[in-house]
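Peer 1: A structural model of the following input is requested.
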Amino acid sequence: MSKVRLSIAACTLRNGRATVSKDLNFETMLNPSSYKHNLNITYNRTTALGKASQDVKFNTAGGDTLSFDLLIDATGAVEPVTPDGSVLKRIKFLKKVAYDYDGGKHEPNVVRVLWGGFLFYGRLTSMTIDYTLFKPSGEPLRAKLGLSFVGSMSSKEESLQSKRSSPDLTHVVEFKAGDSLPLLCHRIYDDSSYYAAVARYNGITNFRAIAPGRKLLFPPLR
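Peer 2: Next comes the predicted model:
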């Protein structure tokens with residue numbers, strides 16, 4: 001079985017669709033030993049006069065964060081991802097993907113973090129670089145990177161995720177043979193372009209390979 005490498009790729013999120021850059025796609029030499037994915041919910045808290053307890057009401061869901069460590073090694077002990085696997089060039093490329101300011105967009109890139117069945121869209125919030133091994137010339141041979149991201153959603157995904165003003169209940173649909181996610185989105189939202197946002201909401205990485213019998217959540221729009 002071939003090794004599946006964690007990848008960090010620049011992308012754009014528009015109208016519920018993600019377009020991933022083929023050129024700005026960083027693949028790890030060594031996959032992380034662990035990662036931390038925090039999911040957040042915010043509430044409005046009010047205290048009624050004469051009451052000791054607070055009234056806690058749902059506000060929004062989202063703003064999740066992701067963090068993990070990566071190792072870049074140029075000693076020859078690990079097979080390089082590119083012919084020139086120098087530590088400094090690999091870090092420079094990762095910064096181009098996730099950190100550097102894009103003058104056209106006036107902001108750093110949104111990135112897609114993909115590893116096996118795990119999929120995350122967000123922006124880099126911090127990158128720490130710890131150089132641990134060097135050539136006699138001072139050029140680094142090994143570096144440990146600490147990366148942190150905050151989730152980023154398109155406006156349509158935010159509508160699906162927040163559920164701030166719709167009184168309707170979330171739709172639960174059992175996927176049947178012959179169904180397609182765009183068709184179901186058109187049936188429920190009268191807009192098939194929500195399919196990518198619904199796929200990510202349900203943790204689906206390949207919307208064309210949904211098994212019949214799977215129950216899907218279609219949350220209300222604002």
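Peer 1: what distance do you get for the residue nearest to Arg90 when sequence neighbours are not counted to Val113?
Peer 2: Excluding the flanking residues, the one nearest Arg90 by C-beta to C-beta, 6 or more residues apart in numbering is Ile72, at 5.1 Å. Using the backbone N, CA and C atoms, a C-beta is placed for each residue, glycine as well. Separation of Ile72 from Val113 (C-beta to C-beta, to the nearest Å) stands at 17 Å.
Peer 1: ok, Phe120 next?
Peer 2: Distance, Phe120 to Val113, using C-beta to C-beta: 4 Å.
Peer 1: can you check Leu217 too?
Peer 2: 22 Å.
Peer 1: neighbour count: those two, which is higher?
Peer 2: A direct count of neighbours by other C-beta atoms under 10 Å for Leu217 and Val113 places Val113 higher, at 22 against 12.
Peer 1: dump the residue contacts of that one.
Peer 2: 6-8, 66, 119-122, 149 (C-beta atoms under 8 Å, 6 or more residues apart in numbering).
Peer 1: is Thr19 bridged to anything, and to what?
Peer 2: Thr12 (DSSP bridges).
Peer 1: surely it is in contact with Thr12?
Peer 2: Yes: with contact defined as C-beta atoms under 8 Å, Thr19 counts as touching Thr12 (4.9 Å).
Peer 1: who has more neighbours out of the two?
Peer 2: Between Thr19 and Thr12, Thr12 has the larger neighbour count (other C-beta under 10 Å), namely 13 against 10.
Peer 1: residue contacts, the more buried one?
Peer 2: 18-19, 110.
Peer 1: pLDDT check: weakest of these?
Peer 2: Within the set of the contacts of Thr12, pLDDT is lowest for Ala18 (71).
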